[in-house]
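[1] I would like to see how this sequence folds:
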Amino acid sequence: MFWCLPGLAKSFNCSSKLLLCHSFNFSVYTSKMGLFLFGWFFLQRKFHMLPLLCQSHKIQTFFMFSKEPFEDGYANGEEGTPAGDAAAAYTPDSKGVVKFGWIKGVLVRCMLNIWGVMLFIRLSWIVGQAGIGLSVLVIGMATVVTTITGLSTSAIATNGFVRGGGAYYLISRSLGPEFGGAIGLIFAFANAVAVAMYVVGFAETVVELLKENGTLMIDEMNDIRIIGAITVVILLGISIAGMEWEAKAQIVLLVILILAIGNFVIGTFIPLDSKKPKGFFGYNADIFMENFGPDFRQEETFFSVFAIFFPAATGILAGANISGDLADPQSAIPKGTLLAILITTLVYVGIAVSVGSCVVRDATGNVNDTFVNELTNCTTAACKLNYNFSSCHTQPGAECHYGLMNNFQVMSMVSGFAPLISAGIFSATLSSALASLVSAPKIFQALCKDSIYPGFQMFAKGYGKNNEPLRGYILTFLIALGFILIAELNVIAPIISNFFLASYALINFSVFHASLAKSPGWRPAFKYYNMWISLVGAILCCIVMFVINWWAALLTYVIVLGLYIYVTYKKPDVNWGSSTQALTYLNALQHSIRLAGVEDHVKNFRPQCLIMTGAPNARPALLHLVHAFTKNVGLMICGHVHMGPRRQAMKELSTDLAKYQRWLIKNKMKAFYAPVHAEDLRDGGQYLMQAAGLGRMRPNTLVVGFKKNWRQSDMRDVETYINLFHDAFDVQYGVVVIRLKEGLDISHLQGQDLLSSQEKSPCPKDVIVKVDYSKKSETDTSIAFAPLEEVPVYSKSSSSPLNLADQRLLDASSQFQKKQGKSNIDVWWLFDDGGLTLLIPYLITTKKKWKDCKIRVFIGGKINRIDHDRRAMATLLSKFRIDFSDIMVLGDINTKPKKENIAAFEKMIEPFRLHEDDKEQEVADKMKEDEPWRITDNELELYKTKTYRQIRLNELLKEHSSTANIIVMSLPVARKGAVSSALYMAWLEVLSKDLPPILLVRGNHQSVLTFYS
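    Now for the predicted structure:
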């Protein structure tokens, strides 16, 4: 039956028509639909609340009654569309916010920043030095670098939503917080100091005008400081007034700048006689040919001239730097940036060719330097135009203040109206200063919002509808004012240029890196880029850094590297899906596949451990001890078997996977966390042993903690525990059992004094979880968690004092985190298991915390062959290249143990004996069938020798190894199905009780040591 309610859409008063149609099963949902309709009309008529329900999540709440009860909480197809969810997630509240289009936001800013003072007062000098041909080459080379960077910027900007932060945002989201944090800080600082550079350039021009008119206030230096300080205060006021006012000011400055350029172009067509003595003759082919080639003077070279020009091209990120204020950054940044590069390049080339075609290199400015009679020995273009400026070359002391080589104000002289060129210089400097004054705070604000540098968090706060970084403005103002008061920026200028170039290099490298990583998330809408061209662009930026100034380039590298190391060390808790992550995955995948095709070799064997830890933080001693011989050597996987209801376990698996992997990383554990759900521990262990790992990176050794409470546990759990060993041997695993006399499991102390730094964090994603101590989970190999709502959280101040046993357990749990003193690692090698019992202690001694420990080897032997056995073992260890401090041959290993120890053992196993001789045969058989773990009298007699052996070994261990740091000993193995679980656990108990930490090791009888190189 179908219920369609199109009429109700009108009652919603929503902007879009709502059609509510749903299919219901009449027999099940009729009553619910009736209640829904009653509630609907009641709310509409009585409370007029329906308009409030237009929001999608509230509508979904109303219709929750009609959904099918699927396990995941959603009926098929009712989760919502990805496009709708994405649009909802990224739709900003734009009411009252000023946003710019690509012309006003990007094109205008980039053009103003690229057309700097260089255009008016240095370009003519560059043409004089390098000639028209090489000047065009200089401009072309700079354009190649900036164009490649522009293409790379466009690619990154169109690969998803772009928020505020400009170059910092683009680099950090591509290469990660390490590079992003380093570049973001120096780029913001560079923009702040650039404000001072541009303002000082403006102030110097004003002071020159004052000097010409004889109206200096104090002296040149102090006048620059005064004018600069007043100027930066005015610029700060414009910036704080808001982006809209700043944009209007930029438009005015651009108009002035364009008028100044037009004024120059018009002036080139109006050669006045009064300007000819100063070297300006109008367009002339002879002048063009003479100025086409280079004429480097005063030790200038092509690269020094290029270094002087290139900073003029470093304004291409002016638009991207205010990406947060753009209406559509993805469209605006590519169009505005690339068009600005094209226009400004054409203007630079045009002016270079124009000024090189109109003005000679040297001129005296003296109207008397004209030819009366034609001279045959004069071949310069000026001579052909009846002017003799040869004195500039022939007379060393001659004063030649004009021409391309000698006069920085050539454009003013050529222009139709000289004051307009001065206005253009003012416009170029002030517009660049204003753009930098706006860029620096916005970049810094974005950096602070990401908490890369926690000390700068206060600058993340924004004010007003545009979220203006007023605190950042003040900081930028103070930095700029400080450098303005210095008034000598010749030293700092190369460093600032290198900071910009470092940013360009990383933007180019970001595109190359993202393309190389082949991440499915790298899908830029801008297609006109190439990864190899971007790499070339990055290399060119690095080369240009050294061309501009080698020591500034080295200093930049040192600063970037230092900040990179700092951010890497701090490890900010961010995940931006960077290309670094993608490339790490790709490298791991490729190497794993390559490794899968390599056959195993004994020389490359390494213990790769599957540790049945449960929650990793529940057994830290177990984790740290295994980490001592797997760190940087082999694989370590922390297995955790979740038992209980499947639905709850599935939720725990997903939350625990992220939580405990973070815990391992936070505690510098090079390990993986692998949770599984199973009916019991054995099934879970089998799943992990069969499925854990990848290719050749699979575990080969099972590590478990000793089940200390086995005598109080359900013996079915003990059987499950022992069967894990047999299952491990079946799949060719080695087995390691670790026992501490204090115990391993500290989960019952969680929440008191044991919280790690990760768990003490107030962040809600790290939840302290209390362990459910049902009998089913008392084993040392798995933990089942209680629901989060049942977790009692203890504070350190309110926790009760620990009893003596818990305090000892707590101390023991951290003993392997400390540096081990000069002590011994005792190896009791009683069986040849392939060498794993020897390899593990050797690997432990290679670690820094254990390097002072010496290996002592104990072996069994005969009294009459002790010396022979010792020499044979020493020879063997030497061939294995394993250092040892001593070898002890135990001739009395097969001696009968003490009576009191035998009696203690018999007392321990008494509750587990069957005593079939005292029962009727039928009763005994039935009891053995129901309780197969019980020890029969026949079994006890059959394995008496082996039992005595374990008791005797414990006596010898106490005698020889009671002071060792750890003991590594061959694990006794019981034949599957032949030895009862109770007897085998009794052997392990009596063998390892009251000893220092002991590792019972049994390899899978495959050799792990070799003589050969």
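
[2] just the strands in the protein please.
    2-5, 20-23, 609-612, 636-642, 672-677, 701-705, 734-739, 824-828, 854-860, 886-890, 966-970, 998-1002 (DSSP state E).

[3] of all these, which one comes closest to G166?
    Smallest distance to G166 across these (Cβ to Cβ): 38.0 Å, for strand 672-677. (Each C-beta comes from the backbone N, C-alpha and C, glycine too.)

[4] what angle sits between that closest one and strand 636-642?
    Put simply, strand 672-677 runs at 20 degrees to strand 636-642, going by axes from the mean of the first three to the mean of the last three Cα atoms, to 10 degrees.

[5] need the CA coordinates for strand 672-677. PDB is fine.
    Extracted C-alpha coordinates of strand 672-677, given in PDB (Å, rounded to 0.1, in the frame of the first residue of the first chain):
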ATOM      1  CA  PHE A 672      50.400  -2.900  14.400                       C
ATOM      2  CA  TYR A 673      47.100  -3.500  16.200                       C
ATOM      3  CA  ALA A 674      44.900  -6.300  14.800                       C
ATOM      4  CA  PRO A 675      41.500  -6.900  16.500                       C
ATOM      5  CA  VAL A 676      39.300  -9.800  15.500                       C
ATOM      6  CA  HIS A 677      35.900 -11.100  16.700                       C
END
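
[6] give the contact list for F729.
    The contact partners of F729, by Cβ atoms under 8 Å, 6 or more residues apart in numbering, come to V735, V973, N1004.

[7] try it again with 7 Å
    Residues in contact with F729 (Cβ atoms under 7 Å, 6 or more residues apart in numbering) are V735, N1004.

[8] quick one: which of the strands of the chain is nearest T143?
    strand 672-677 (49.8 Å).

[9] in its sheet, what does the closest one sit against?
    strand 636-642 (parallel) (DSSP bridges).

[10] how far off centre is the strand it pairs with?
    Between the centre of strand 636-642 and the centre of its chain there are 26 Å (Cα atoms, centre = their mean, to the nearest Å).

[11] so where's the stretch 851-1000 of the chain uncertain?
    Residues of the stretch 851-1000 of the chain meeting the criterion pLDDT under 70: none.

[12] save the strands of the chain as JSON lines, and put in mean neighbour count and distance to P419 too.
    Supplementary listing: the strands of the chain in JSON lines, determined by neighbours: other Cβ atoms under 10 Å; distance: least, Cβ to Cβ, whole Å:
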{"stretch": "strand 2-5", "mean neighbour count": "12", "distance to P419": "75"}
{"stretch": "strand 20-23", "mean neighbour count": "13", "distance to P419": "72"}
{"stretch": "strand 609-612", "mean neighbour count": "26", "distance to P419": "81"}
{"stretch": "strand 636-642", "mean neighbour count": "26", "distance to P419": "76"}
{"stretch": "strand 672-677", "mean neighbour count": "20", "distance to P419": "73"}
{"stretch": "strand 701-705", "mean neighbour count": "26", "distance to P419": "85"}
{"stretch": "strand 734-739", "mean neighbour count": "24", "distance to P419": "88"}
{"stretch": "strand 824-828", "mean neighbour count": "25", "distance to P419": "88"}
{"stretch": "strand 854-860", "mean neighbour count": "20", "distance to P419": "89"}
{"stretch": "strand 886-890", "mean neighbour count": "19", "distance to P419": "96"}
{"stretch": "strand 966-970", "mean neighbour count": "25", "distance to P419": "88"}
{"stretch": "strand 998-1002", "mean neighbour count": "25", "distance to P419": "89"}
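
[13] brilliant, that's me finished.
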